[in-house]
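Visitor: can you look at this prediction? I've put the sequence above it.
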Amino acid sequence: MNEHDDLGKTIAHGLFPATDHKLRRGVHLSSEDVELYDFVKLNFNVLSGLYRRYDAELKEGAEGYFYLVSQGTMFGQRQLTKGEMLVGLTISHLFRDPEHRIKGTGEISADQVISRLETLKSVEDIARLMTETKVRADLHPSRMREAVLDAIKKLAGLNFLTLLDQSGARFRCKLPIHRFDQFVAQIDTAQVEGSEANHEGD
């Protein structure tokens, strides 16, 4: 069977339309999503070749997930907003620390995310970033909570999280959340270095 036959067989497979649609939307396909994940794994070389024609690269995360990175204009550039990225980083940071998961469930809450955000920056700074505005009238705490919940739902839509509450108030992390790990490691290193510098100044 030649390359064209392999491609034709892959595209004709019943799981291809759903897989293709999700990957193009920026959804991460995790090993927890057994059928689609196995389909990509079995057909990785064929699918990689297909997406390269669209200036996109099919990537595999070491923890067990696949995602598509657009390198051109055909699929467009899908990016998280600053607020969504910040929420993703914060959730990943909490996920690395078992103390912040509700005992025995692996569950994390939006309140824990907001509490952690508030320790990193002032409430006003976080609110500005989450709402992407500098208008003081929009910096009310309820507005920030709404923005955090919206970001959580966006991350769930990309398969980073599983919502346990449709409002986004409770959720569990999925394997693709590890994609934020390299950024979290940089934050941890900066915090340690900052702490050491403070001790030296004592």
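Guide: That came through, no problem.
Visitor: how near is the nearest residue to Leu58 once chain neighbours are set aside to His93?
Guide: Among residues not flanking Leu58 along the chain, Ser48 sits closest, at 4.6 Å (C-beta to C-beta, 6 or more residues apart in numbering). For glycine as for every other residue, the C-beta is placed from the backbone atoms N, C-alpha and C. Between Ser48 and His93 the computed distance is 32 Å (C-beta to C-beta, to the nearest Å).
Visitor: could you check which of the two is surrounded by more residues?
Guide: The neighbour count for Ser48 versus His93, taken as other C-beta atoms under 10 Å, is higher for His93 (21 against 16).
Visitor: look at the residue nearest to Leu58 and report its pLDDT.
Guide: In this model, Ser48 is scored at 96, pLDDT.
Visitor: contacting residues for the residue nearest the centre of the chain?
Guide: Among the residues of the chain, Phe160 comes closest to the average C-alpha position under C-alpha atoms, centre = their mean, at 4.6 Å. When contacts are counted by C-beta atoms under 8 Å, 6 or more residues apart in numbering, Phe160 touches His28, Gly88, Ile91, Cys173, Lys174, Pro176, Ile177, Arg179.
Visitor: give me that answer again for 7 Å
Guide: His28, Gly88, Lys174, Pro176, Ile177 (C-beta atoms under 7 Å, 6 or more residues apart in numbering).
Visitor: need those residues in CSV with neighbour count and pLDDT, can you?
Guide: Below are the contacts of Phe160 laid out as CSV (neighbours: other C-beta atoms under 10 Å; pLDDT from 0 to 100):
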residue, neighbour count, pLDDT
His28, 24, 96
Gly88, 25, 92
Lys174, 22, 93
Pro176, 26, 94
Ile177, 25, 93
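Visitor: could the residues you listed go into TSV alongside distance to Leu120 and secondary structure?
Guide: Listed next are the contacts of Phe160 as TSV, based on distance: C-beta to C-beta, whole Å; DSSP: H, G, I helix; E, B strand; the rest coil:
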residue	distance to Leu120	secondary structure
His28	25	coil
Gly88	14	helix
Lys174	24	coil
Pro176	23	helix
Ile177	18	helix
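Visitor: for this protein, what spans make up the helices?
Guide: Ranges of helices in the chain, per DSSP state H, are 3-12, 16-24, 34-42, 44-52, 82-95, 110-120, 123-131, 141-157, 181-200.
Visitor: pull out the buried positions in the second one.
Guide: The neighbour-count check on helix 16-24 (16 or more other C-beta atoms under 10 Å) flags Phe16, Thr19, Asp20, Lys22, Leu23, Arg24 as buried.
Visitor: so what's the predicted local confidence for the fourth one?
Guide: Note on Lys22: pLDDT of 95.
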